[in-house]
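Visitor: Let me see the structure of the following:
(one chain, ligands or ions: 1)
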Amino acid sequence: MLKFISSMLQKVKQFVDGLFKISVYPNTPQHLQRTLECILLLRPDADEAVQIAAYSHDLARAFAKNTFENKAFDDPQYLAEHQEIGAKAISEFLLQQGYEKNKVDRVYNMVRHHEEGGDEESNILMDADSVSYLLKPTHLRPEFIQSLGKEKVKTKLEYMFGRIHSNKAKEIAKPLYEKALEDLRKI
Ligand SMILES: [Fe+2]
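Guide: You can find the predicted model right below:
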């Protein structure tokens, strides 16, 4: 009998989806799937390690205790923790699964730096994350506007657009960003 062997990306999806199902952010896998699609749009030849990083970059949110932590979106300590927790969690999973060490290291590095970039692969993930977010800016939802206020939501939109590295991603993101600002003004 043939044994079905799934790719490591499929295993990662099962692992990540399972954690988010029981988290305070159950819809995050939709953002992760969009980020994966965006990374393939920006870099059609992105290999499995890049795709895994895209699907797991926000894994830290699966361990969050509540959704309305009142911190600045660009708070350096918050961002460092968010990146570090996710990078460690996905790396541990990949090592348990016997994934190649050099690929685990690359995934760790991308997830660990997806907020600020700094090298080619981290920059691609950061850009894909921004485009994914601007395609569907979660914070325009009424519950976030109510709890955070319009000004803070605006800073999130500015942060997500402002950090984009490549011209290609900027071009794709610009109309999305402008529409999000317009939608926010109308609220
Ligand atoms: Fe993200």
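
Visitor: what stretches of this protein score poorly on pLDDT?
Guide: Applying pLDDT under 70 to the chain flags residues 1-6, 67-70.

Visitor: Could you list the residues of it in contact with the ion?
Guide: Residues of the chain that fall close to the ion, judged by Cβ under 5 Å from the ion: Asp58, Asp129. C-betas here are computed from N, CA, C, even on glycine.

Visitor: can you do 6 Å?
Guide: His31, Thr35, His57, Asp58, Asp129 (Cβ under 6 Å from the ion).

Visitor: residues in contact with the fourth one?
Guide: Asp58 makes contact with Thr28, His31, Leu32, His82, Gly86, Asp129 under the criterion Cβ atoms under 8 Å, 6 or more residues apart in numbering.

Visitor: The first one: how many residues sit nearby?
Guide: Thr28 is surrounded by 20 other residues when neighbours are defined as other Cβ atoms under 10 Å.

Visitor: ok, it to Asn102 distance?
Guide: Distance, Thr28 to Asn102, using Cβ to Cβ, to the nearest Å: 28 Å.

Visitor: can I get the contacts of Asp58 in CSV with secondary structure and distance to Pro76?
Guide: Below are the contacts of Asp58 laid out as CSV (DSSP: H, G, I helix; E, B strand; the rest coil; distance: Cβ to Cβ, whole Å):
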residue, secondary structure, distance to Pro76
Thr28, helix, 22
His31, helix, 22
Leu32, helix, 24
His82, helix, 11
Gly86, helix, 16
Asp129, helix, 17
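
Visitor: how about the particular helix or strand that has Gln83 in it: buried residues?
Guide: Element membership for Gln83, per DSSP states H and E: helix 76-96. Neighbour counts over helix 76-96 (16 or more other Cβ atoms under 10 Å) mark Leu79, His82, Gln83, Ile85, Gly86, Ala87, Ala89, Ile90, Ser91, Phe93, Leu94 as buried.
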